[in-house]
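A.B. asks: make a model of this:
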Amino acid sequence: MDFPLVSLMDEDVCYSKLLDILHPDGLRCPRCRRGDHLAVHRWYRRPVLDYQCKACGRVFNAFTGTVFQGTHRSCAELLIVLRGIAQGVPTAQMARELGRNRPRLLELRHAIQANGVDHMDKTPLTDAVAEVDEMYQNVGEKRRAALRSDRSAATPRKQHKGPRHMGQRSPAGVRRRRA
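C.D. replies: This next block holds a predicted model:
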């Protein structure tokens, strides 16, 4: 059963969340950096409004000058993509859930990640030692506990010879002798 989250999300709430993420100090003109002389210029793509700066005349929106400039994706879809990247969801899975083209979504993902690298804190660590225990979240799952954790691992001479798969097991109900 498909469960499209995008259709359940409120676009106005998603737009305000994107504004908080992209412009934490408030929306400002990208040319003169003033935020007090803004007026709505167009509203054809609600809730994304085009503003005009009364000081310099520049027309812009919340995505101007960001990695989302020129996008035609909805605000809800952009938030789902950001959430997926933060959680390490594969691009193919996000593309299937959103019903979008995987290569284009991958381009967007790479642009977002490159932007994150460009703006990350490059201050070196003060500690001589850094712990990287949980660093690679997408490498794989943690291994399960051993089935016989109370016993040590078998020595090489006690291990079974050859592969053990379904074709070489004893029939059901027949017990094997222990050596």
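
A.B. asks: please make it C-alpha for all contacts and neighbour counts, starting now.
C.D. replies: OK.

A.B. asks: how is this structure carved up into domains?
C.D. replies: Domain assignment of the chain by automatic domain parsing yields the ranges 1-22+71-119, 28-61.

A.B. asks: state the mean pLDDT of stretch 90-110.
C.D. replies: Regarding stretch 90-110, the rounded mean pLDDT is 91.

A.B. asks: what do you get for stretch 22-39?
C.D. replies: For stretch 22-39, the per-residue pLDDT averages 87.

A.B. asks: next, the buried residues of that stretch.
C.D. replies: Residues 22, 27-30, 35, 38 are the ones in stretch 22-39 that count as buried (16 or more other C-alpha atoms under 10 Å).

A.B. asks: which SSE is immediately downstream of the longest strand along the chain?
C.D. replies: In terms of residue count, the longest strand belonging to the chain (DSSP state E) is strand 38-45. Later in the chain than strand 38-45, the nearest helix or strand by DSSP states H and E is strand 48-53.

A.B. asks: for that next one, buried residues please.
C.D. replies: Result for strand 48-53 [16+ other C-alpha under 10 Å]: buried residues 48-53.

A.B. asks: which residue ranges of this protein form helices?
C.D. replies: In the chain, the segments counted as helices under DSSP state H are 11-22, 75-87, 91-98, 102-118.
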